[in-house]
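**Student:** Here is my input, please return the structure:
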Amino acid sequence: MNEKLSDSESDGPVSSHPFVEELDLLLRARFTLMIVTTSEEDRALRLIAEQAERAQRPVLIWDIASGFVAPAGGAVPTAADPLAALDSVKTLDGNHIIVLKDFHDFWKDARTKRRLRNLAEELKFTRKSLIITTPMVDVPGELSDDAVRITLDGPNLVELDEILTGLEETQGLRNELTVDGRARMIQAAVGLSANEALRCFSKVIVRDGVLNDEDVDDVTSEKQAIIRGSGALEFYPANTSTADVGGLETLKEWIRLRERAFGQEAHDYGLPAPKGIALIGIPGTGKSLTAKAIGGMWRLPLIRLDIGAVFGSLVGESEERIRKALRLTEQIAPCVLWIDELEKALASGGGDGGTSQRVIGTLLTWMQDKKEPVFVVATANDISALPPEMLRRGRFDEVFFLDLPTYDERIEIIRVHLKKRKRDPDNFDLPTLATASALYVGAEIEQALIDAMYAAFNDGREVTSEDFARALERLVPLSRSQKEQIVELRKWLEEGRAQSASFSEQAAAVESTRTLSLVALDLPATKKK
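**Tutor:** Down below sits the predicted model:
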């Protein structure tokens, strides 16, 4: 570079916004090519313009539809195609910041890509800077050494506060928000883009012309609908507790001990936020229900990541979707991220050109390095489909195995489902039903109760223990229809690769051998001694 680097280019204080701080640093360091990843183009342009004004540098914006535009006015070069635009940048005088919108559409062309690389090198001897705005994260390998990448995350609490403040000045609005309600409304919008937050706030205002604490739930509902529209993420209401989960006492105690882990008190005590748990085991044993219960018990947002919905048909689309989903999750933190049936991500094997491996690689790297308090609950039924590195410590705090319920656990499961359907458990022969449901998982016990209730309902009478027992007898449990797979899963626990969700390690070893033998021989399980 011909000129000395100086901090004097920034005229006035730099914004406290992380994106603007990073941009200011890169501009002062004379970086010539920056790629801004964002789906909020207008917001990115506004923040770039604000920083350019502080640095007293003119801005030019180019896109394929409009050519060059100067937001502050003045003469602009003529360039109808990307090659001409890059040539025009080369001939500009001064210290311009040139923003190229959606230029990722053109860097697939070899000539354009080469010209861009040449220009980035030539600009090192000037005071001009190129900024490309794009919703795509993937950058050609040839540009990776020439360009620095910046990600513009969603609006922070300060920006959301500014958006709400602007709407509070709406003429005729009755603003009845309390201080606490206003803070909760802003927090409810975290994770949305600026435009999405504006639409959410506007919708609750125009509904009745009143803004009050009751509108917080409406903002949350609107946010849930928007997140669902992203395709890979879904909000779940925090209306499940550990009382809805029968058995699994060791897992419940582990969860209970970490209930306050995300608070300031735990941080001051020196405790790190827990990273997550993996729930491995037989289908129907309560893995998904446990994930929901954690969100309810800890009073944190529960977000489900649908791995299957991440995969797209376009090159790089799947990787971009998983990165976007994980960024959004971090913005909502603290929260619980539920990754259901993790083995689905590897279902295609090697027949997808390595896409599944790249998606899993992105997920694993994020789980290892994430800084935000996102507690991951990953569930899996087929342990053989998961690579060993996926379950290692550092990514998960603990790996739990959910087994066939014992006699005592089946008693509790039956109680839970009877109460759920407004029946008094004391009116049923629980010991007999627990014995009859030996080697049944919780989901099968629930289905047997529903079948029994249908039979009694059609007879015009109240359901009985006999109805329940007959329904159990008709049902073929997984422990028989998929006996071989369950035996293999039980051996996995026997080898000490996971902690039993129901017992301490010593008790689990005894129960493991006992239940494995019962499944293999198709024998009924009696009361645990």
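**Student:** alpha carbons only for contacts and neighbour counts from here, please
**Tutor:** OK.
**Student:** Any stretches of this structure with poor pLDDT?
**Tutor:** 1-16, 137, 229-230, 312-316, 345-353, 496, 504-529 (pLDDT under 70).
**Student:** I'd like the domain boundaries of it, if you could list them.
**Tutor:** Domain segmentation of the chain under automatic domain parsing yields 7-151, 157-227, 242-402, 404-529.
**Student:** Nearest to E234, out of those domains?
**Tutor:** domain 242-402 (5.1 Å; Cα to Cα).
**Student:** Now do the end-to-end distance for that closest one.
**Tutor:** Taking Cα to Cα, to the nearest Å as the measure, domain 242-402 stretches 15 Å from start to finish.
**Student:** on that earlier part again, could I get the domains of the chain as TSV with mean neighbour count?
**Tutor:** Below are the domains of the chain laid out as TSV (neighbours: other Cα atoms under 10 Å):
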stretch	mean neighbour count
domain 7-151	17
domain 157-227	17
domain 242-402	19
domain 404-529	17
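**Student:** Just the element for the nearest residue to D213 once chain neighbours are set aside, please.
**Tutor:** Spatial nearest neighbour of D213, excluding adjacent residues (Cα to Cα, 6 or more residues apart in numbering): G181 at 4.8 Å. Using DSSP states H and E, G181 falls within helix 179-188.
**Student:** what residues does that helix touch?
**Tutor:** Residues outside helix 179-188 that contact it (Cα atoms under 8 Å, 6 or more residues apart in numbering): 157, 160-161, 164, 212-213, 215-216, 219-220, 223.
**Student:** Apply 6 Å and report the result again.
**Tutor:** Outside helix 179-188, the residues within contact range by Cα atoms under 6 Å, 6 or more residues apart in numbering are 213, 216, 220.
**Student:** Please give the centre-to-centre distance between that helix and its chain.
**Tutor:** 22 Å (Cα atoms, centre = their mean, to the nearest Å).
**Student:** Check stretch 244-259 too.
**Tutor:** Computed by Cα atoms, centre = their mean, the chain-centroid distance of stretch 244-259 equals 23 Å.
**Student:** contacting residues around that stretch?
**Tutor:** Under Cα under 6 Å, 6+ apart, the answer for stretch 244-259 is 298, 409, 412-413, 501-503.
**Student:** Kindly export stretch 423-435 (C-alpha atoms) in PDB.
**Tutor:** The C-alpha trace of stretch 423-435 is given here as PDB (Å, rounded to 0.1, in the frame of the first residue of the first chain):
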ATOM      1  CA  ARG A 423     -59.000 -41.500  34.900                       C
ATOM      2  CA  ASP A 424     -58.200 -42.300  38.500                       C
ATOM      3  CA  PRO A 425     -55.300 -44.800  38.600                       C
ATOM      4  CA  ASP A 426     -56.700 -46.200  41.900                       C
ATOM      5  CA  ASN A 427     -59.600 -47.600  40.000                       C
ATOM      6  CA  PHE A 428     -57.300 -49.900  38.000                       C
ATOM      7  CA  ASP A 429     -55.300 -53.000  38.900                       C
ATOM      8  CA  LEU A 430     -51.900 -51.500  38.300                       C
ATOM      9  CA  PRO A 431     -49.800 -54.500  39.300                       C
ATOM     10  CA  THR A 432     -51.700 -56.800  36.900                       C
ATOM     11  CA  LEU A 433     -51.400 -54.300  34.100                       C
ATOM     12  CA  ALA A 434     -47.700 -53.700  34.800                       C
ATOM     13  CA  THR A 435     -47.100 -57.500  34.500                       C
END
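**Student:** how much space between the most centrally placed residue in the chain and E159?
**Tutor:** The centroid of the chain falls nearest to T329 when counting by Cα atoms, centre = their mean (4.0 Å). Using Cα to Cα, T329 is found at 18 Å from E159.
**Student:** All set, thanks.
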